[in-house]
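*Asks:* Test case, fold it:
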Amino acid sequence: MKINEELIKEITKLVVEEMRKVECKTIGYSASYGRDEAKKGNDVKEVVIGVGPGYLKEITRTINGLDHREVLREIKAGIEEEGMYPRVIKVYKTSDVAFIGKEAASLSGSGIGIGLQSKGTILIHQKDLYPLTNLELFPQAPLLTLELYRQIGKNAARYAKGLPVIPIAVENDHMVRPKYQVKAALMHIKETEEVKRKNPSIEFKNV
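*Replies:* Numbers count the residues shown, from 1 in each chain. Here you go, the predicted structure:
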């Protein structure tokens, strides 16, 4: 099928309308989520989860409709199942998942962090790695389930404990990119609009 400019505009219009109705419901900034600047942890049993600047603000669901609170709940549960402690921070200075993960790892007592974009893309990072290097990356957010997010939490905790880790095998669907490309781009733009490069990361509580 030949894709012309008018078709692209129509697809974009439909995606924007759906995002306004479901994915990007603005809930505003709430003091209940915390305002304290995130500090470097000292507990070696700690794994820090860093979320993007738009998380639970301009965007409340992942690209495939998973509720942000449920995603965090599963990641934290996976960490806790391994006997480790999760801590959640919100990173304001970037919307890039690699740098979100690097920030989380740098502030983590164990040196292991998880980076999570609002659209659902997630990775596991380690404080001594370069930002664009990581332990595990899950770029196809539309294929991620709550069960997989929980397993990612478990793997992050096992890295923190220095245990052998079997990387998570994720289904690869070549049709995902063209199907979700416009929506992913719009969600990333929405999150990037929330970036405040001079703002420190904050403790993201009660989530």
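*Asks:* Now do the same for the residue most central in space within the chain: its pLDDT.
*Replies:* Compute the mean C-alpha point of the chain, and by Cα atoms, centre = their mean the closest residue is residue 116, 1.3 Å away. Residue 116 carries a pLDDT value of 99.
*Asks:* Torsion angles phi and psi at it?
*Replies:* The phi/psi pair for residue 116 (degrees, to the nearest 10) reads phi -140, psi 120.
*Asks:* is it true that it touches residue 71?
*Replies:* Yes - counting by Cβ atoms under 8 Å, residue 116 touches residue 71, with 7.4 Å between them. To be clear about C-beta, it is placed using only N, CA and C from the backbone, and glycine gets the same treatment.
*Asks:* For the chain, which residues score under the pLDDT cut-off?
*Replies:* Along the chain, the parts satisfying pLDDT under 70 run over 1-34.
*Asks:* which ones are touching the residue nearest to the centre of the chain?
*Replies:* Counting by Cβ atoms under 8 Å, 6 or more residues apart in numbering, residue 116 touches 49, 50, 51, 52, 55, 71, 72, 75, 97, 100, 122.
*Asks:* My assumption is that residue 76 lies in a helix; please confirm.
*Replies:* Yes - checked against DSSP: H, G, I helix; E, B strand; the rest coil, residue 76 lies within a helix.
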